[in-house]
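In: Need a 3D model of the following:
(one chain, ligands or ions: 2)
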Amino acid sequence: MNIILLGPPGAGKGTQASLLEKDRGMVQLSTGDMLRAAVAARSETGLRAKAVMDAGGLVSDEIVTGILSERLDQPDVAKGFILDGYPRTAAQAESLDRLLAEKGMKLDHVIELVVDEEALVDRITGRFSCASCGEGYHDRYKQPKVEGVCDVCGSTAFKRRPDDNEETVRNRLVEYRAKTAPILPHFEATGLVRRVDGMAPMPEVTRAIEAILDGR
Ligand code: AP5
Ligand code: ZN
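Out: Ligands and ions are numbered 1, 2, ... in the order given. Take a look at the predicted model:
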């Protein structure tokens, strides 16, 4: 099964995608994670993307579609994928249709996480993750069970994303409204779109998504 999780920055796409990955063995395809890996590796793509990401802008369609296309060619994707953070522009939505057709893949569901914009800045500026295993946390909504110790791997080192400051988050929301929200009608036409209340507590959001995947 192949799905897209749509929604603004902070809607919970990454949180839910990583739960689906653990629970269902699907593969999370986050273009944000791919770009951050390129930045960390100091590759040419990473060097070009870093300044744009730090400012909250969108990296060029050509770069992002290129890295996604390569990732879709890896064999684990056959287990089923969750697209998280792609497509984000009309050009990317068209490229995705083309890539899937070329690679003989199809989408089963497009799930939009619907959230109040006022909650997003708070969600993103409070976010942190384990520096070792990547498990995501939040200062108020999801703290480690033992303070300062990762629930999953026991590491005591945590990190915050450089683009998770208030100014950059506001720019990311402007970009979302201008370039990503307008592509929703593209998906409406496919008849695959389902909406989930992304303001509900995390386990409820997970249950709503699983109900869609199970055809309930
Ligand atoms: P990317 O990494 O995709 O970031 P984003 O879309 O801004 O999404 P986030 O990771 O901020 O939010 P999320 O929805 O995953 O929320 P999360 O689950 O973490 O992109 C980063 C940058 O890369 C972009 O700005 C751009 O520059 C570039 N880029 C990436 N893809 C691109 C593309 N296709 N084209 C061009 N450029 C691209 O949740 C947030 C917090 O809220 C967490 O702390 C979590 O614990 C908490 N939370 C989650 N759910 C709930 C809940 N139900 N209740 C309470 N708290 C919750
Ligand atoms: Zn950890």
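In: which residues are contacting the lengthiest helix in the chain?
Out: With secondary structure taken from DSSP state H, the chain has its longest helix at helix 90-103. Outside of helix 90-103, the residues within contact range by Cβ atoms under 8 Å, 6 or more residues apart in numbering are 61, 64-65, 68-69, 72-73, 83, 86-87, 105-107, 179, 182-183, 186-187. Bear in mind the C-beta positions are built from the backbone N, C-alpha and C, glycine included.
In: any idea how far it is from the chain center?
Out: Offset of helix 90-103 from its chain centre (Cα atoms, centre = their mean, to the nearest Å): 18 Å.
In: Show me what the mean pLDDT comes to for it.
Out: Regarding helix 90-103, the rounded mean pLDDT is 97.
In: Going along the chain, name the strands of this structure.
Out: 3-6, 27-30, 81-84, 109-114, 127-130, 136-138, 158-159, 193-197 (DSSP state E).
In: would JSON lines of those with mean pLDDT, mean neighbour count and distance to ligand 1 be doable?
Out: JSON lines is the format used below for the strands of the chain (pLDDT from 0 to 100; neighbours: other Cβ atoms under 10 Å; distance: least, Cβ to the nearest ligand atom, whole Å):
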{"stretch": "strand 3-6", "mean pLDDT": "98", "mean neighbour count": "25", "distance to ligand 1": "8"}
{"stretch": "strand 27-30", "mean pLDDT": "98", "mean neighbour count": "21", "distance to ligand 1": "6"}
{"stretch": "strand 81-84", "mean pLDDT": "98", "mean neighbour count": "24", "distance to ligand 1": "6"}
{"stretch": "strand 109-114", "mean pLDDT": "97", "mean neighbour count": "19", "distance to ligand 1": "7"}
{"stretch": "strand 127-130", "mean pLDDT": "97", "mean neighbour count": "19", "distance to ligand 1": "3"}
{"stretch": "strand 136-138", "mean pLDDT": "96", "mean neighbour count": "15", "distance to ligand 1": "3"}
{"stretch": "strand 158-159", "mean pLDDT": "98", "mean neighbour count": "14", "distance to ligand 1": "12"}
{"stretch": "strand 193-197", "mean pLDDT": "97", "mean neighbour count": "16", "distance to ligand 1": "9"}
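In: just to revisit the earlier point, among the contacts of helix 90-103, name the buried ones.
Out: Neighbour counting with 16 or more other Cβ atoms under 10 Å marks 61, 64-65, 68, 72, 83, 86-87, 107, 179, 183, 186-187 as buried within the contacts of helix 90-103.
In: Return the list of helices and strands in contact with the lowest-mean-pLDDT helix or strand in the chain.
Out: Here the helix or strand of the chain ranked lowest by mean pLDDT, DSSP states H and E is helix 184-188, holding a mean of 91. In terms of contacts (3 or more Cβ pairs under 8 Å, 6 or more residues apart in numbering; DSSP states H and E), helix 184-188 is packed against strand 3-6, helix 90-103.
In: Sheet partners, orientation included, of the shortest one?
Out: Read that as strand 3-6. If you go by DSSP bridges, strand 3-6 pairs up with strand 81-84 (parallel), strand 109-114 (parallel).
In: Send over the shortest one as PDB, restricted to the C-alpha atoms.
Out: The C-alpha coordinates for strand 81-84 follow below in PDB (Å, rounded to 0.1, in the frame of the first residue of the first chain):
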ATOM      1  CA  PHE A  81       5.600   3.700   1.200                       C
ATOM      2  CA  ILE A  82       4.400   6.800   3.000                       C
ATOM      3  CA  LEU A  83       5.300  10.000   1.300                       C
ATOM      4  CA  ASP A  84       5.900  12.700   3.900                       C
END
